[in-house]
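Participant: fold the following, please.
(2 chains)
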Protein chains: 2
Amino acid sequence: MNMNDQKDLDLSALFIGDKAENGDYFKKVMSDLIDEHVGWRKNYFPKDKAMITPEEQSSESFIKTQNHMKDVLAEVSRRLRDKSVPWHSAGRYWGHMNSETLMPAVLAYTYAMLWNGNNVAYESSPATSEMEEEVGEEFAKLMSYKEGWGHIVADGSLANLEGLWYARNIKSLPFALKEVVPESVSGKDEWELLNMTTAEIMDLVAANGDKIEEIKNASARSGRNLNKLGKWLIPRTKHYSWLKAADIIGIGLDQVVAVDVDDHYRMDINALEKTIRELTDKQIPILGVVGVVGSTEEGAVDSIDKIVELRNKLQKENIYFYLHVDAAYGGYGRAIFLDEDNNFIPYDKLEEEFNKYNVFTEKGNHIKEEVYNAYKAVEEAESVTIDPHKMGYIPYSAGGIAIKDIRMRDVISYFATYVFEKGADIPALLGAYILEGSKAGATAAAVWAAHQTLPLNISGYGKLIGASIEGSQRYYNFLQGQTFDVDGRTFEIHPLTSPDFNMVDYVVKEQGNDNLVAMNELNHDFYNKASYVDGNLYSKGYIVSHTDFAQDDYGDSPLNYVKSLGFSEDEWRKAGKVTIIRASVMSPYMNDKENFKYFTSSIHDAIQEYLEDIVK
Amino acid sequence: MNMNDQKDLDLSALFIGDKAENGDYFKKVMSDLIDEHVGWRKNYFPKDKAMITPEEQSSESFIKTQNHMKDVLAEVSRRLRDKSVPWHSAGRYWGHMNSETLMPAVLAYTYAMLWNGNNVAYESSPATSEMEEEVGEEFAKLMSYKEGWGHIVADGSLANLEGLWYARNIKSLPFALKEVVPESVSGKDEWELLNMTTAEIMDLVAANGDKIEEIKNASARSGRNLNKLGKWLIPRTKHYSWLKAADIIGIGLDQVVAVDVDDHYRMDINALEKTIRELTDKQIPILGVVGVVGSTEEGAVDSIDKIVELRNKLQKENIYFYLHVDAAYGGYGRAIFLDEDNNFIPYDKLEEEFNKYNVFTEKGNHIKEEVYNAYKAVEEAESVTIDPHKMGYIPYSAGGIAIKDIRMRDVISYFATYVFEKGADIPALLGAYILEGSKAGATAAAVWAAHQTLPLNISGYGKLIGASIEGSQRYYNFLQGQTFDVDGRTFEIHPLTSPDFNMVDYVVKEQGNDNLVAMNELNHDFYNKASYVDGNLYSKGYIVSHTDFAQDDYGDSPLNYVKSLGFSEDEWRKAGKVTIIRASVMSPYMNDKENFKYFTSSIHDAIQEYLEDIVK
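Facilitator: Numbers count the residues shown, from 1 in each chain, chains lettered A, B, ... in the order given. As a prediction, the model looks like this:
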């Protein structure tokens, strides 16, 4: 379902708006949708008598109950208005990866919720199950997977867990094949079994499809061989979802190996190769490697292309690892590189295409070549986490996963009698292939409606992602060199790195201060001022989030930055961390030069005020 | 927030209604809530200029985009109206555990979704995080846990996985203690370490709180000792969520042991003791036992009291197991036994209290004593799964878990720098203690609003659960002895067991037929007629769900029932299963005698018509 000309798409029509400019429109469409649902209820066997009569509706107990419900909803309303975060703000919220969400998603969610389908089984949700099937195909296409598949997951941590579940079970299959159909892997020693490619394994399993149940029962799902599968390598900035996942999946934290990141906070490919070689030299296999596309703290995009290149090189030496890309945050960003036929646009054509579709308001490429290359190579990964509730601008909870080879799902499948008949010709048989046992059909309706409104290519989401990226570049440029005079003391803003994607980190530093602990305290105080910690959010004119780059997690990756601020290495060792102010720039309005400029004085004044408060 | 007199509560005021009798009311409240949100947006820094101008709103591209979005939403509407399940129907839907949901929950969800809080971190959702904290306390109180805690989970399968995560990590802690603080468990041999009670373990961990991180790192989260922890015992009717959970958590399917059920489909306690003794005689420990309160196929309530009794007995013999109650389905049922002060009502006072609160329309106790005892004993379990999106009448996805001892959560916790500061005095620090890494604040608002409207005791949810139970009893009684004449052939309805909770299973059997395969085919055809399989749901006047009791899963538990229908044991062996028509009776209207009676002729006529179609 395309607009006649997607180039005309106006993002402003798709949000309720910073000042609820489209509030009336939203309300009208909501009202129409509710009417359509109400009509459906009334017309299902219209001759049936109503269970609730006007007499009951005017009875004392009915009215009392209704009033009680109203009291409760009034309290919900009071609490939410008193203590909510104004993510919807065009230019005052610069913190977590959140913003207002797409109107079509909110409307479709509410509408579908009135039917309350459960997408775990087609029977419970024919309409929304079909939508989720389509969304899954869209995820796969977004990753340029030719034989792929995907589905919505409750969130990104669970999608990561599912990715690791795939990796663990697939890595164990050669042992299972050896046990059940030994001739299929004859001549392979244990090391070779542990270093077969996913494609080889899937082919062998498919070739022995008549024994699939026995093979699965002998795989890691049995609990056997878990300790043989090797190490799970993640970037040193390790997101806690990976620790939880390794814990839960049973391979354990002892198997998690952190790989250093460079001073752009991307996985250091030399360190990765060194780590792998040190392990494999000791005959310790590599279960898998996680590349991150959009790290949660820095928005860093790991060089997936270089990880893939390394894997290709190592494969010739009989070393293979599963590759999962954690693009929970950055996954939708791939839309900016796809033309309307889902072809990945060549780098040297990007600028032309960006101009054609008005992806950026300012001429130029806007995308680093290494980031482009990383996104392109995602198609080589076995699985990818992608969260609609992050850069998809969909309300929580909507995570997602895509897999490169649809046959992979057969190795983790289960069948429950009451929700589906095994082998029956049912479309969208979802529950058999996922972690969850129930899932809201409404989420699928929300994501589906958003994807239909904004196709997952340059003409749709590409434009929205572009607005976000351009906004982050404006913010980065604005922050550079900002100074504040407070009682004769000078405070400066120092951004961390130019954004790979749409995240801008910075510190506030007093000129002349060479004490890192003191700077950390200043930034912590600054965060408190610019957050819920220190008073009512509704009255704050500039809101941020923060993080710590601690030596435990980051090693010495932040050292160059810390030094560039004028601190000695000693200071870094003493403080053990650097406290960072952090913003995921998701506002769809900050790409516009005039809009951005309008807010710069508010931001400047708010920072000035916070600093004055702190100095006092 | 209580009504003046909860006894007056009128359930009919809380649903949109079978014929959308409260549709206008719903729409009005929705509209008011949207206005309150819109006002909040407008008044956040009201002097800020609007980002979307009237000029833009009347531009061609804006209107084209708006129209495009309308096209998409129209398609969402068409699809949902074309292929949705009329769960809301008062007397025509008798299948899966679904019905229409509580209006306050739907309204609160939509309202809170406009703010899109993420309850993983207080910072992202102050208002709804506090609501979830309160909901968690309510879950714990519902289970009569004095020092308990709870939270909302994406669904029941994940809550079960979380329960097993607790069990696995806790069971491994004595090994960790031995490694990190050996003196704390000195004198204990491996068997004793593996059979310490959860309370003892928690006390020891608390006593060594200064070494908690080291202890945790040496626990099962490390990946060590998983194969020592023993067997996980589940009822033979094993829900596939437990197979998935054992697979994912790494103990593996090899460790899952199915315990026979009796001919009421409850766990056979003698079989449980026998299984445990056979294992422990071989020095194989018992990791844990799952009791089910409301099985998904039969609504059976396992005798938790007898499991607890057995555990107490075995404890004296140095055998201990973790007990998880899977009350995903039946959990809210405990509300019917709690008075307004959360005391568990004595069995002999139940009838009096039921009458006082009008829990049932017909006088009488309505609750089997063994079911009562089972519910009471839930307070002895370490953890309980409870799903708001089942008997809580909350929209998907809303599962839940409660734990007996809040200290348990410290053994599975993780901390992510950017979402929370370790040790900071932040209320409702949820993300550290759960599987998920993001979760909708809107879900918490929905559950909170429902619990406020209907307290989790006899005066609130008790009444709603009562309506459901009474409806199921009417349905069971109605089905008994129903016969249908089709072309001179007679077909009879045979219900399975009288419902423990609110589920009624039955088969349709032709008089004189002694071929079980033929009866299974008949019931399968019947299901096809009464479901989406064979045509448009909207035109079906009677809709059911179905299941198979197969020997693989059930052993010979169904044999007595099969024999009572006149089939030989040979037939049972030959067919290998019995196909069952299954209904979770959730309608809030079918407790009323007149309402129920109104639908009986429709049901009878529909069955007659389906059978005629099949015979043709």
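Participant: spell out which parts of the stretch 351-500 of chain A neighbour chain B.
Facilitator: Residues of the stretch 351-500 of chain A found near chain B (C-beta under 8 Å from any C-beta of the partner chain) are A:387, A:389, A:395-397, A:399, A:412, A:414-418, A:435-443, A:445, A:448-449, A:452-453. C-betas here are computed from N, CA, C, even on glycine.
Participant: let's see that with 6 Å instead.
Facilitator: A:395-397, A:414, A:416-418, A:436-440, A:445, A:449, A:452-453 (C-beta under 6 Å from any C-beta of the partner chain).
Participant: cool, the stretch 201-350 of chain A as well?
Facilitator: So far as C-beta under 6 Å from any C-beta goes, the stretch 201-350 of chain A lies against chain B at A:221-223, A:226, A:240-241, A:243-244, A:247-255, A:296-297.
Participant: run the last query once more with 10 Å
Facilitator: A:216-227, A:237-241, A:243-256, A:296-297, A:328 (C-beta under 10 Å from any C-beta of the partner chain).
Participant: pLDDT check: weakest of the residues of the stretch 351-500 of chain A next to chain B?
Facilitator: Lowest-confidence member of those: A:Y418, scoring 41 (pLDDT).
Participant: one step back: for ChimeraX, write the select line for the buried members of the residues of the stretch 201-350 of chain A next to chain B.
Facilitator: Command for ChimeraX, covering only those of those found buried under the criterion 16 or more other C-beta atoms under 10 Å in any protein chain shown:
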select /A:216,217,218,219,220,221,222,223,224,225,226,227,237,238,239,240,241,243,244,245,246,247,248,249,250,251,252,253,255,256,296,297,328
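Participant: helices - which of the residues of the stretch 201-350 of chain A next to chain B land there?
Facilitator: In this view, these that belong to helices under DSSP state H are A:K216, A:N217, A:Y240, A:S241, A:L243, A:K244, A:A245, A:A246, A:D247, A:I248, A:I249.
Participant: between all of the residues you listed, which two are separated the most?
Facilitator: The span of these, defined through C-beta to C-beta, is set by A:N217 and A:Y240 at 32.5 Å.
Participant: write the PyMOL selection for whichever of the residues of the stretch 351-500 of chain A next to chain B are buried.
Facilitator: Buried residues within these, by 16+ other C-beta under 10 Å, are selected in PyMOL with:
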select buried, chain A and resi 395+396+397+414+416+417+418+436+437+438+439+440+445+449+452+453
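Participant: out of the residues of the stretch 351-500 of chain A next to chain B, which are inside helices?
Facilitator: Per DSSP H, those map to helices at A:A445, A:A449, A:Q452, A:T453.
Participant: now render those residues as a markdown table, adding distance to B:I170.
Facilitator: Formatted as a markdown table, those follow (distance: C-beta to C-beta, whole Å):
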| residue | distance to B:I170 |
| --- | --- |
| A:A445 | 40 |
| A:A449 | 43 |
| A:Q452 | 47 |
| A:T453 | 47 |
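Participant: could you point out which of those is nearest to B:D10?
Facilitator: Lowest distance from B:D10 to those (C-beta to C-beta) belongs to A:A445, with 31.5 Å.
Participant: find the nearest non-adjacent residue to that closest one, please.
Facilitator: Using C-beta to C-beta, 6 or more residues apart in numbering or on different chains and skipping residues adjacent in sequence, the residue nearest A:A445 is A:A112, 3.6 Å away.
Participant: now find how far off-centre the one helix or strand the one you found maps to is within its chain.
Facilitator: Element membership of A:A112 [criterion: DSSP states H and E] is helix A:103-113. The chain centre lies 20 Å from the centre of helix A:103-113; the measure is C-alpha atoms, centre = their mean, to the nearest Å.
Participant: now that helix: buried residues?
Facilitator: Neighbour-count burial for helix A:103-113, counted by 16+ other C-beta under 10 Å, picks out A:M103, A:P104, A:A105, A:V106, A:L107, A:A108, A:Y109, A:T110, A:Y111, A:A112, A:M113.
Participant: what about that helix, average pLDDT?
Facilitator: Mean pLDDT, helix A:103-113: 98.
Participant: what residues are up against the residue of the stretch 401-550 of chain A found nearest chain B?
Facilitator: Using C-beta to the nearest C-beta, the closest approach of the stretch 401-550 of chain A to chain B is made by A:G437 at 3.1 Å. By C-beta atoms under 10 Å, 6 or more residues apart in numbering or on different chains, the residues touching A:G437 are A:118, A:120-121, A:414, A:416, A:419, A:431, B:154-161, B:239-241, B:244-245, B:296, B:328, B:387, B:397, B:399.
Participant: returning to that earlier point: which residues touch the residue nearest to A:A445?
Facilitator: By C-beta under 10 Å, 6+ apart, A:A112 lies in contact with A:33, A:37, A:125, A:127-128, A:131, A:440-446, A:448-449, B:76-77, B:79-80, B:84, B:395-396.
Participant: just A:S12 next, same as before
Facilitator: By C-beta under 10 Å, 6+ apart, the contact list for A:S12 reads A:18, A:21-22, A:467, A:588-589, A:592, B:51-53, B:56-57, B:59, B:61-62, B:65-66.
Participant: which stretches in the stretch 451-600 of chain A count as helices?
Facilitator: Taking DSSP state H, counting those that start in this stretch as the criterion, the stretch 451-600 of chain A contains helices spanning A:461-479, A:516-529, A:551-554, A:559-564, A:569-575, A:593-615.
Participant: any stretches of the stretch 401-550 of chain A with poor pLDDT?
Facilitator: Across the stretch 401-550 of chain A, the ranges flagged by pLDDT under 70 are A:416-428.
Participant: lowest mean pLDDT among the helices and strands of chain A, which one is it?
Facilitator: Lowest on mean pLDDT, DSSP states H and E among the helices and strands of chain A sits helix A:551-554, with a mean of 89.
Participant: what residue lies at the spatial centre of chain A?
Facilitator: The residue lying closest to the centre of chain A (C-alpha atoms, centre = their mean) is A:A328, at 2.2 Å.
Participant: excluding chain neighbours, what is closest to that one?
Facilitator: Among residues not flanking A:A328 along the chain, A:G156 sits closest, at 3.3 Å (C-beta to C-beta, 6+ apart).
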